[in-house]
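>>> here is a sequence with its predicted model. Questions after.
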Amino acid sequence: MPAPFPLPSPGEPVLLELVDEAGITTGTAEKLSAHRAPGRLHRAFSVFLLDDDGRMLLQRRAAGKYHSPGVWSNSCCGHPYPGEPPFAAAARRVGEELGVGPDLMRAAGTVRYHHPDPASGLVEREYNHLFVGRVSEDLRPDPAEVGEVRFAGPAELAALRDSYPFSVWFGTVLDAARPAIRLIAGDAGW
């Protein structure tokens, strides 16, 4: 059965869904152009996956990525194709990037932000749908997308953030998703 939204063919530009401040679709834009200064508000998603001990899965983005290469970030993030439901896009990208299906993934709200990335000169201006879930399978990361993965509790995450660069959006999406993370992580201290 074909997807109910258009998938880009190989070699075609990837389009993002532009939105207004309320998250209502206003059009589309090519992915890179939406990230050039001053940035265009577009739909995105961020996923936080936790293991059975309540530790958060972090990924270091692959060195070859055009945007924010080599920095640490949340478990998975990306952009739905125009017309693709954010939950479906988040589950799809977890599979593509990490080689697993998320368990018990649920919506955790939305957050808007405008973060310039000094390292790349690009801009993250996103209406971001947040999702939190568990992961219990062995990870099989795609090396074109993910340079390294690790699970970290709150103290380990704080130490990592003191020692390594993280994506410009990480702190914003973590703070917005924290209430849902606490529900899934239980007594892990988030």
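Sure thing, it's come through. Residues are numbered from 1 along each chain as shown.

>>> secondary structure element for the residue positioned nearest the centre of the chain?
Nearest to the geometric centre of the chain sits Cys77, at 1.5 Å (CA atoms, centre = their mean). If you go by DSSP states H and E, Cys77 is part of strand 76-78.

>>> give the buried residues for the helix or strand that that strand is followed by.
Per DSSP H and E, the first helix or strand lying C-terminal to strand 76-78 is helix 86-98. Buried residues in helix 86-98, counted by 16 or more other CB atoms under 10 Å: 86, 89-94, 97-98. (C-beta placed from N, C-alpha, C; glycine too.)

>>> same for helix 86-98, what does it pack against?
strand 42-50, strand 56-61, strand 76-78, strand 103-116, strand 123-134, strand 146-152 (3 or more CB pairs under 8 Å, 6 or more residues apart in numbering; DSSP states H and E).

>>> same thing but 7 Å
Secondary-structure packing of helix 86-98 (3 or more CB pairs under 7 Å, 6 or more residues apart in numbering; DSSP states H and E): strand 42-50, strand 76-78, strand 103-116, strand 123-134.

>>> the strand holding Cys77 packs against which elements?
strand 42-50, helix 86-98.

>>> work out the gap between that strand and the centre of the chain.
Relative to its parent chain, strand 76-78 has a centroid offset of 2 Å by CA atoms, centre = their mean, to the nearest Å.

>>> how about stretch 62-81?
Offset of stretch 62-81 from its chain centre (CA atoms, centre = their mean): 7 Å.

>>> which helix or strand contains Asp162?
Asp162 belongs to helix 154-163, assigned by DSSP H and E.

>>> for stretch 69-83, buried residues please.
For stretch 69-83, burial by neighbour count (16+ other CB under 10 Å) applies to 71-82.

>>> with respect to Leu157, which of the residues you listed is nearest?
Trp72 (9.2 Å; CB to CB).

>>> for the protein, which helix extends over the most residues?
Assignment by DSSP state H gives helix 170-185 as the longest helix of the chain.

>>> relative to strand 123-134, how tilted is that helix?
10 degrees (axes from the mean of the first three to the mean of the last three CA atoms, to 10 degrees).

>>> for helix 170-185, buried residues please.
For helix 170-185, using 16+ other CB under 10 Å, the buried residues are 170, 172-174, 176-178, 180-181, 184-185.

>>> what of stretch 150-167?
The neighbour-count check on stretch 150-167 (16+ other CB under 10 Å) flags 151-153, 157, 161, 166-167 as buried.

>>> perfect, that will be all.
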